[in-house]
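# structure for the following, please:
(chains A and B)
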Amino acid sequence: MKRRMEISELIFKIVAYIFLIVFALMCVYPFLYAIGSAFSSQAANEAGKVVLWPVEATGEAFLWVLTRGDFWTSYANTLFTTFIGTIWSLFYSILGAYALSKKRIMGRRGWNFFLVFTMWFTAGVVATYLNYQATGEVFAALFAGSTNMFDVDLKWLVVIAMGMNATNIILLRNAFEGVPAEIEEAARIDGATEMQVLTKVYLPMSKATIATVALFFGISRWNGYFWAMKVMGQQQKYSWPVQVYIRDFINHYTNFITTYDPQGDFAWEYGEETSRNGVVYSMVICSVIPILVVYPFIQKYFAKGVNMGGVKE
Amino acid sequence: MFKLKCDDFLTYDEATGTYSVSPDQQVRDEVERTRWKDIGFKILADWRLYLMLVPMLVVYLLWRYAPMYELVGVFKDYNTSNTASPIDGYWIGFKNFIDVFTYGSYAGEFWMAFRNTFILAFYGLLFGFPFPIILALFFNEIRSNIVRSIVQVCVYLPKFMSIVVITTLAIALFGGSTQYGVLSQLLINICGENSSIAAAAKNGLVYSTRYFRAIYIMTDLWEHAGYDSIVFFAAIIAVSPTSYEAAQIDGAGKMAQMRYVVIPSILSTVVIMLIMKIGSLLNVSYEKIFLFVNSGGTSSAYQPNYESALVVSVWANSQSNTAIAMAGEMTNNLIGMILVIGANIVSRKATNVSLY
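The predicted structure is shown next:
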């Protein structure tokens, strides 16, 4: 059915298009700016001459990052925490969510409350830090036989004790509740055990949610900064994740945050042709690439996977 | 197999032909025992299910609930007890709270931080909540799937960036301590050399007390709005086409359809998301603020923007008296919890939608 477009509708459409395109450009621009700055000279960077394209183009900074050993150590640390941490988080979240999705489990309301309460009330930064410290000391006593938590590799503390998210467990629980009971019954009549029901029926049927939740866990692991910085500090540089490394570099070598002062900060020994600011942007680009690689594959699951509409007890 | 027959604890009265409960204590005990036995056997039959629950419970107990136990330290004396952890000190009741609320140097910074937390959270809600809904309505206007996919890929992207990257780029674009950013130059060009914004931009907009909040909100919108719109967009495309047709037959134009069809059908989603937003109202992103406020490098002082940027968790993080810091943070988090529960009750009364 053809009909004439009203004036108000036309205006709304034009506004929508312009607004969305401008917003989309705004979302992408900072990253393009980072690429442009990474390949510009220090002088151009400091004078703020870079707008989009590299000014006084040079690849020195990027090469410096590529050949920098401790940056890639921290990169490997982040890959490790992301990979093992995501698997660990998914492991206990899927098992727990599966158990919670069963009507027949006793004290179901109680267990759910146990989980949801952590979303309402958190102990706070200071108390959580005391707790992580105590955990680190227990780890040290168990695995290194000492009382100093820096004797153990704190990567493991980050992997095991951090990155909890009750919202993700609730998303998984809702997805499992949406699986028709008849299919489970059919599997049970065929003699499936509890574990088989979970792996052969529930997991394949809630693939979209699991992919989304895995992405959430993975992203929060990859991007984790504060707690790794707080727990490791300057004492354990060898297990720094890449975000902590970048921020530390910014603190000590550039004037992003405070004026660069070779007396107070670490002196830059690599010559002016290697741009300090360019190095920061190059590291930012390197740290973003893995996300950009994974993101398009999981993006199609989002609309299906994020169904909070059914959050209830 | 564990159900008792009625005859076991009822006695039949031959004369009147009715049953009466046997007063025998033994029978009652038996019933009670069997009930627990019954529960025990039910758990045993499903032991795999309970075993599955265990890893999650252990993780949450050790690293979510154990920190709450550390909060007992707020009722202890940390200054004079000379213990490593505040929890081993002497009991002093509510003195730490009273100190935080009233005692000169603590109270000044705490109330400033509390006010900032509240203001940032409130602005975040005021601008950050409607914006994704508007985005979703706009997405609905784009009929071409390719254009919409491209735009969506772009606007979801910032959500997945690390807070370190975001703050670095924000400082780079809005100007850090000594360098101009591209955006601050643009603002100077628009507003003129002599405007107040130009004066602030020369010292870095991010580090000015006056413009910090605006920048915080803008980066927040930039980071979350696109991604938050997914939920609303999903609700909009779930509206049945028959509703649109019915409205068209009744003579509704496009705008009227939006007013009377789209908005009412996404209302429950909007309410749920609003409750969730209010629930996390006082949890302003401390990572981001920390990165914006801390001077870093060799200096441990705050940036000059701290008067409008310091929030409670960052304030607590920098306190040397752990018990005082925890008392301040606990106050903040308790108020946050009251807000969630309150929002939930109000919404249940008013719209019959509730989250928990």
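
# can you classify B:Tyr19 by secondary structure?
Classification of B:Tyr19 by DSSP: H, G, I helix; E, B strand; the rest coil places it in strand.

# in the sheet, who's paired with it?
With DSSP bridges applied, the residues forming beta bridges to B:Tyr19 are B:Tyr12.

# wait, a strand at A:Asp153?
No - judged by three-state DSSP, A:Asp153 forms no part of a strand; its state is coil.

# count the neighbours of it for me.
By other Cβ atoms under 10 Å in any protein chain shown, 18 other residues sit near A:Asp153. All C-beta spots, glycine's among them, are computed from the backbone N, C-alpha and C.

# so what's the closest residue to it other than its chain neighbours up against?
Beyond its immediate neighbours in the sequence, the residue positioned closest to A:Asp153 (Cβ to Cβ, 6 or more residues apart in numbering or on different chains) is A:Ser239, lying 5.5 Å away. Shown here is A:Ser239, whose contacts under the criterion Cβ atoms under 8 Å, 6 or more residues apart in numbering or on different chains are A:77, A:153-155, A:232.

# over to B:Phe290?
Residues counted as contacts of B:Phe290 (Cβ under 8 Å, 6+ apart) are A:226, B:314, B:317.

# by neighbour count, which of these wins?
The most crowded member of the contacts of B:Phe290 is B:Val314, carrying 25 neighbours; neighbours defined as other Cβ under 10 Å.

# give me the phi and psi for that residue.
Dihedral pair for B:Val314: phi -70, psi -40, per degrees, to the nearest 10.

# am I right that it is in contact with B:Ala113?
Yes - look at B:Val314 against B:Ala113 with Cβ atoms under 8 Å: they come within range, at 7.4 Å.

# for the strand or helix carrying A:Val126, name the packing helices and strands.
With elements delineated by DSSP states H and E, A:Val126 resides in helix A:125-143, which encompasses its position. Applying 3 or more Cβ pairs under 8 Å, 6 or more residues apart in numbering or on different chains; DSSP states H and E, one finds that helix A:125-143 makes contact with helix A:155-161, helix A:226-232, helix B:66-70, helix B:312-318, helix B:322-351.

# and the contacts of A:Ser239, which is closest to B:Gly253?
Looking at the contacts of A:Ser239 and their distance to B:Gly253, the nearest is A:Asn77, at 58.1 Å (Cβ to Cβ).

# can you give me the buried ones in the helix or strand hosting the closest one?
Using DSSP H and E, the secondary-structure element containing A:Asn77 is helix A:69-101. Within helix A:69-101, the residues that qualify as buried are A:71, A:73-75, A:77-78, A:80-82, A:84-86, A:88-90, A:92-101, counting by 16 or more other Cβ atoms under 10 Å in any protein chain shown.

# for residue 53, give me its contacts.
Just so you know, I chose chain A. A:Trp53 makes contact with A:Gly36, according to Cβ under 8 Å, 6+ apart.

# wait, I meant chain B there
Taking Cβ under 8 Å, 6+ apart as the contact definition, B:Leu53 lies against A:95-96, A:99-100, A:105, A:111.

# how many residues are close by residue 265?
Answering for chain A, as no chain was given. As a burial measure, A:Asp265 scores 19 neighbours (other Cβ under 10 Å).

# oops, chain B please
By the criterion of other Cβ under 10 Å, B:Ser265 has 15 neighbours.

# let's test this: mean pLDDT of the host helix or strand of it, rounded?
Element membership of B:Ser265 [criterion: DSSP H and E] is helix B:263-279. Looking at helix B:263-279 alone, the average pLDDT works out to 83.

# from A:Ile291, how far out is A:Phe297?
12 Å (Cβ to Cβ, to the nearest Å).

# between those two, who's got more neighbours?
Summary of the neighbour comparison: A:Phe297 and A:Ile291, criterion other Cβ under 10 Å, with A:Ile291 having more neighbours (18 against 10).

# okay, now the domains of chain B?
Per automatic domain parsing, the structural domains of chain B span B:1-38, B:109-351.

# under the pLDDT cut-off, which ranges of the stretch 251-356 of chain B? List them.
For the stretch 251-356 of chain B, the stretches flagged by pLDDT under 70 are B:297-300, B:353-356.

# that one against chain A: which residues are in contact?
Within the stretch 251-356 of chain B, the positions lying close to chain A (Cβ under 8 Å from any Cβ of the partner chain) are B:253-255, B:268-269, B:272-273, B:276, B:279, B:283, B:286-287, B:290-291, B:294-299, B:303, B:313, B:316-317, B:319, B:322, B:325-326, B:329-330, B:332-334, B:336-337, B:340-341, B:354-356.

# put the buried members of those into a PyMOL selection.
Here is the PyMOL command that selects only those of these that count as buried (16+ other Cβ under 10 Å):
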select buried, chain B and resi 253+254+269+272+273+276+279+283+286+287+290+291+294+295+296+297+303+313+316+317+319+322+325+326+329+330+332+333+336+337+340+354+355+356
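
# can you pull the contacts of residue 200?
By default, I'm working from chain A. So A:Lys200 contacts A:187, A:192 (Cβ under 8 Å, 6+ apart).

# could you do chain B instead?
If a contact means Cβ under 8 Å, 6+ apart, then B:Ala200 has B:208, B:210-211 as its contacts.

# at 6 Å what do you get?
Contact partners of B:Ala200, counting by Cβ atoms under 6 Å, 6 or more residues apart in numbering or on different chains, are B:208, B:211.

# which SSE is it in?
B:Ala200 is located in helix B:196-202, with elements delineated by DSSP H and E.

# cool, and A:Asn112?
Secondary-structure assignment from DSSP H and E places A:Asn112 in helix A:108-120.

# now do that helix: which elements does it pack against?
Applying 3 or more Cβ pairs under 6 Å, 6 or more residues apart in numbering or on different chains; DSSP states H and E, one finds that helix A:108-120 contacts helix A:166-177.

# show me what the helix it packs on is in contact with.
So helix A:166-177 is in contact with A:93, A:96-98, A:100-101, A:115, A:118-119, A:202, A:206, A:209, A:213, A:216, A:310, going by Cβ under 6 Å, 6+ apart.

# 7 Å instead, please
Under the criterion Cβ atoms under 7 Å, 6 or more residues apart in numbering or on different chains, residues A:93-94, A:96-98, A:100-101, A:115-116, A:118-119, A:202, A:206, A:209, A:213, A:216-217, A:307, A:310-311 lie in contact with helix A:166-177.
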